[in-house]
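Peer 1: this one's sequence-less:
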Ligand SMILES: [Zn+2]
């Protein structure tokens, strides 16, 4: 399972694309490509950094804030522009179909009906298991200003958890336990914001779940500007976990940790 961090920023970050992650799995003859979240600045980054954008099979949308799903109209329109014919699956919370089509109609009225590819929508929720793109998917709600689902993805060569937005909950902690990789949002330094994760909260989440790799994303842009060096030092000092602050384009092979090219 190979991970590409196409974006690691939050909504207001003028330098980093919105948090968005490509997951590659399967073998050479049957490679599967998944995109986790697609905010308003994520689609261009996806095209820049995915090794084969048209091969995208599945998109996960954690919740309906713009920096997590408003990139979909552009992404879908480019598939149309490039004459895509293979189907595309979008997984998200109940209402995902209506939200995506409404966003598409606002951005590019009339185009959705002319797509030559089928868009398949799958509704996700806690206590629901899905098999998609050869991977097992399960979900739990964190604590955010809008309902947001953390997702766990298990494949033959590894497992990962991605928080979307929000502070951890008992349910997300249980869901992520034992994953090879945890990708957690860390908007602030300390866990004082009721609806967002933090650097120190994510570190203790990493400890509680026993993850091998811990990637912190979605830092408030000012917090990241002022504290990136400090945070990197703090993460590097952790003994039991390979913890890091990825940049766009960084990759991680969670089946073979030595191939990691993260900084
Ligand atoms: Zn949000």
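Peer 2: Good, I have the coordinates. Please read these numbers as outputs of a predicted model, since none were measured by experiment. Numbers count the residues shown, from 1 in each chain.
Peer 1: list the contacts for the residue nearest the centre of the chain?
Peer 2: Nearest to the geometric centre of the chain sits residue 36, at 3.4 Å (CA atoms, centre = their mean). By CB atoms under 8 Å, 6 or more residues apart in numbering, the residues touching residue 36 are 20, 21, 22, 23, 60, 62, 151, 162, 183. (Each C-beta comes from the backbone N, C-alpha and C, glycine too.)
Peer 1: Keep only those of those that are in helices.
Peer 2: With helices taken from DSSP state H, there is no overlap with the contacts of residue 36.
Peer 1: So which of these is the closest to residue 199?
Peer 2: residue 183 (13.7 Å; CB to CB).
Peer 1: returning to that earlier point: with adjacent residues omitted, what lies nearest to the residue nearest to the centre of the chain?
Peer 2: Nearest residue to residue 36 in three dimensions, chain neighbours excluded: residue 21, at 4.3 Å (CB to CB, 6 or more residues apart in numbering).
Peer 1: State the pLDDT value of the closest residue to the ion within the stretch 151-263 of the chain.
Peer 2: Closest residue of the stretch 151-263 of the chain to the ion, CB to the ion: residue 165 (3.5 Å). Predicted confidence (pLDDT) for residue 165: 96.
Peer 1: Next: the one 3 residues further on.
Peer 2: Note for residue 168: predicted pLDDT of 96.
Peer 1: Distance-wise, check the closest residue in space to it that isn't next to it in sequence relative to residue 218.
Peer 2: Once flanking residues are discounted, residue 168 sits nearest to residue 205: 4.9 Å by CB to CB, 6+ apart. Using CB to CB, to the nearest Å, residue 205 is found at 14 Å from residue 218.
Peer 1: Any idea how many residues pack against the residue of the stretch 151-263 of the chain closest to the ion?
Peer 2: Residue 165 has 26 neighbouring residues, counting by other CB atoms under 10 Å.
Peer 1: before we move on, back to that, the residue nearest to residue 168 contacts residue 176, doesn't it?
Peer 2: Yes - counting by CB atoms under 8 Å, residue 205 touches residue 176, with 7.3 Å between them.
Peer 1: who's more crowded, the two?
Peer 2: Set residue 205 next to residue 176 and count neighbours by other CB under 10 Å: residue 176 wins out with 28 against 24.
Peer 1: which residues touch the more buried one?
Peer 2: Residues counted as contacts of residue 176 (CB under 8 Å, 6+ apart) are 150, 152, 161, 182, 205, 209, 211.
Peer 1: Give me the subset of the residues you listed that also touch the ion.
Peer 2: Subset of the contacts of residue 176 in contact with the ion: empty, counting by CB under 5 Å from the ion.
Peer 1: What about those residues, which are in strands?
Peer 2: 150, 152, 161, 182 (DSSP state E).
Peer 1: Can you name the residues that contact the last one?
Peer 2: Meaning residue 182. 160, 161, 163, 176, 202, 205, 206, 209, 211, 213, 214, 215.
Peer 1: which neighbours do residue 205 and residue 218 share?
Peer 2: In contact with both residue 205 and residue 218: residue 197, using CB under 8 Å, 6+ apart.
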